[in-house]
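# Fold the following, please.
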Amino acid sequence: MPLMTPTNKEAETSFWEKAEKSYQTRPARDEKHRENYHPREVVRCRVFWTMWAVMTFTYMGTAIVTNLFKAYGQTFINDDHYLSLVASLSSVFNAAGRPFWGMMADRFGFRIVAVVAQCVLACLVATVFTCEVTDREMFCVWVCAMYLAMCGLLTLIPALVFTLFGPRYFNVNMGLMDSSGIFSSVITGSVAPILKEAFGWHGLFFVAFAVIFIGILLNLSLSINCNEGSIPRHMYTDLSLT
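The predicted structure follows:
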């Protein structure tokens, strides 16, 4: 009698049924090895709020430049078509950089790669004004490099949330982490124009650098908070955070 092979639909249904059954029969967590953290537990963990602050300050410093780079470029580049091309190319680097930072994190660990990405971003933001005395192609390189560095932390945070707090409540926990983007966007949108009028473009970029630098310091302090927090230490050792 010939063997009957399942159809694609049947195979897909069987896969998800097995996955659901495996998920429902996971061993109960205990205090020594807790695999999934409920959002109510996550928001009481100082590690989460440290990560949230890292995201917030990095978002704010980045948004100051990325939201206004075209307006800044118009002060010394009289070509709107070229500036639109720069914006398009920067999106390509933003997308292409994500697998790159992911591979780096797999090899060297979250903390090292995240700090390197933040440091590169901070240096680019602090020196973007040098493009005023160079040709316009250098401005394109600078903006694309900023987007390449910017996506580093955005790529690493979801994997970190998944690993630290578990898969069961990942969507909610990641949503809580992404709420930092709302806060930083509101602050940046309301404060950046005021800072630009008060300090000019160069002063605005210095403020952006300072904000990102605060995020770097918070990231470096994450290992200390991990040791003092409520999440088991072994979870951070596995992530090369200590």
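# C-alpha from now on. contacts and neighbour counts both.
OK.
# Tell me the spacing between the residue nearest the centre of the chain and residue 62.
For the chain, residue 154 is the residue whose C-alpha lies nearest the centre (CA atoms, centre = their mean; 1.9 Å). Separation of residue 154 from residue 62 (CA to CA, to the nearest Å): 12 Å.
# Same check on residue 219?
Counting by CA to CA, the gap from residue 219 to residue 62 is 16 Å.
# now residue 206
Distance from residue 206 to residue 62, by CA to CA: 12 Å.
# Compare those two (neighbour count), which wins?
Shown here are residue 206 and residue 62; by other CA atoms under 10 Å, residue 62 has more neighbours (26 against 17).
# from what I can see that one touches residue 150, true?
Yes: the criterion here is CA atoms under 8 Å, and residue 62 meets it with residue 150 at 7.1 Å.
# any weak-confidence spans in the protein?
Flagging of the chain using pLDDT under 70 yields the residue ranges 1-34, 223-242.
# hmm, try it at 80
Scanning the chain for pLDDT under 80 picks out the ranges 1-35, 111, 222-242.
# Give me the phi and psi angles of residue 76.
Dihedral pair for residue 76: phi -140, psi 0, per degrees, to the nearest 10.
# Same check on the one 5 residues further on?
With angles defined as degrees, to the nearest 10, residue 81 shows backbone torsions of phi -60, psi -40.
# before we move on, back to that, can you tell me the helix or strand for the residue nearest to the centre of the chain?
For residue 154, the element it lies in under DSSP states H and E is helix 136-165.
# name the helices or strands packed onto that helix?
helix 80-108, helix 110-127, helix 170-220, helix 234-237 (3 or more CA pairs under 8 Å, 6 or more residues apart in numbering; DSSP states H and E).
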